[in-house]
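[1] Fold the following.
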Amino acid sequence: MMLIWLVTLVPSTIWAQINTLFVKQGTTMNRSLGSSFQIPAASLGSFVTLSMLISVPMYDRYFVPFMRRKTGNPRGITLLQRLGIGFVIQVIAIAIAYAVEVRRMHVIRVHQITGPKQIVPMNIFWLLPQYVLLGIADVFNAIGLLEFFYDQSPEDMQSLGTTFFTSGIGIGNFLNSFLVTMVDKLTDRGQHKSWIGDNLNDSHLDYYYGFLLVISTLNLGAFIWASSKYVYKRETKEVNEGCIEMESKALEISPLGLQV
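    Take a look at the predicted model:
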């Protein structure tokens, strides 16, 4: 379980971008809606919640029954398969974030924008797909992680399942802060521009998203390897319970056919 917990730290770091770099990125873009109203950059985070509210009932109503018929698993898919799907969606989301930032940097070069408060003529809704995908990924990740740690913990330690889940989120946020600080210091040397400077219009946030894409892809590979080595606790228990149930049914009937 500790190995599975370790490979969930990078996805927690990706999740932390929703309230940090995604918002800062959005403040540089065109947020006008109509002639007099500007969309707050942080408000796009509401689409994460909205996509989760839509995805959860669809997952329970359609996805689970469909996969249950295919696999015979009461859950539809295993706990680790659920996490794996969420991690794949996260990789796709950060790849889209990278592509959008490459597009934003292209617009900046075309219009020769360098000022920190200059607005890039690119609509903020370009960021919407990455928010929506991270919300969908969280349907698989957050619920799947909580269920996994609770279900797979020893019987007398199941309360630690919630602790594993929340501690992973907390450490992921600390890891995000550490990465941002270290990348900023290492890239801001000599004549090189910082990847994450105060002025995102004169930085290389696309490089940082590319870096996150690489480490999240490598982490996905590590998760697949760890999942292949993992043995579910419940499988053994269900087998034992099945054997006990069969034995008890056999004892209910005597050799003469009389009820005991």
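
[2] Point out where the stretch 101-250 of the chain drops to low pLDDT.
    The model of the stretch 101-250 of the chain has pLDDT under 70 over residues 158, 190, 234-250.

[3] Let me see the ranges of the helices in it.
    Using DSSP state H, counting those that start in this stretch, the helices found in the stretch 101-250 of the chain span residues 128-152, 160-187, 205-229, 233-251.

[4] if we compare the ones you listed, which one ends up closest to Thr8?
    Using C-beta to C-beta as the measure, helix 160-187 is the one of those that comes nearest Thr8, at 5.0 Å. The way it works is simple: take the backbone N, C-alpha and C, and place the C-beta from them, glycine included.

[5] And the helices of the stretch 101-250 of the chain: which comes nearest Thr114?
    Among the helices of the stretch 101-250 of the chain, helix 205-229 comes nearest to Thr114, with 14.8 Å by C-beta to C-beta.

[6] Okay, buried residues for that closest one please.
    Of the residues in helix 205-229, 205-213, 216-217, 219-220, 223, 226-227 count as buried by neighbour count, 16 or more other C-beta atoms under 10 Å.

[7] try stretch 56-71
    59, 63-64, 67.

[8] CA-only coordinates of that stretch in PDB, if you can.
    Only the C-alpha atoms of stretch 56-71 are listed here, as PDB (Å, rounded to 0.1, in the frame of the first residue of the first chain):
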ATOM      1  CA  VAL A  56     -20.300  10.800 -10.800                       C
ATOM      2  CA  PRO A  57     -23.900   9.700 -11.600                       C
ATOM      3  CA  MET A  58     -22.900   8.800 -15.200                       C
ATOM      4  CA  TYR A  59     -20.100   6.600 -13.700                       C
ATOM      5  CA  ASP A  60     -22.500   4.800 -11.400                       C
ATOM      6  CA  ARG A  61     -25.500   4.700 -13.700                       C
ATOM      7  CA  TYR A  62     -23.800   3.700 -17.000                       C
ATOM      8  CA  PHE A  63     -20.100   2.900 -16.700                       C
ATOM      9  CA  VAL A  64     -20.300   0.500 -13.700                       C
ATOM     10  CA  PRO A  65     -23.200  -1.600 -15.100                       C
ATOM     11  CA  PHE A  66     -21.600  -1.800 -18.500                       C
ATOM     12  CA  MET A  67     -18.200  -2.900 -17.200                       C
ATOM     13  CA  ARG A  68     -19.900  -5.300 -14.700                       C
ATOM     14  CA  ARG A  69     -21.400  -7.200 -17.700                       C
ATOM     15  CA  LYS A  70     -18.000  -7.200 -19.400                       C
ATOM     16  CA  THR A  71     -15.800  -8.200 -16.400                       C
END
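
[9] Pull up the pairing partners for the longest strand along the chain, direction included.
    With DSSP state E setting the assignment, residue counts place strand 120-123 as the longest strand in the chain. Based on DSSP bridges, the strands next to strand 120-123 in the sheet, each with its direction, are strand 29-30 (parallel).

[10] residues near Leu179, how many?
    18 (other C-beta atoms under 10 Å).

[11] Who does the closest residue to Ile124 other than its chain neighbours form a beta bridge with?
    Excluding the flanking residues, the one nearest Ile124 by C-beta to C-beta, 6 or more residues apart in numbering is Met29, at 4.4 Å. According to DSSP bridges, Val120 are recorded as the beta-bridge partners of Met29.

[12] follow-up on the earlier one: sort out for me which of the buried residues of stretch 56-71 are in helices.
    Secondary structure defined by DSSP state H assigns 64, 67 of these to helices.

[13] which one of the buried residues of stretch 56-71 is nearest Leu145?
    Here the nearest of these to Leu145, counting by C-beta to C-beta, is Tyr59; it sits at 14.9 Å.

[14] who are the neighbours in contact with that closest one?
    Residues counted as contacts of Tyr59 (C-beta atoms under 8 Å, 6 or more residues apart in numbering) are 139-140.

[15] ok now stretch 30-47, how far from the chain's centre?
    For stretch 30-47, the distance between its averaged C-alpha position and the chain's averaged C-alpha position is 24 Å (C-alpha atoms, centre = their mean, to the nearest Å).

[16] Thanks a lot, catch you later.
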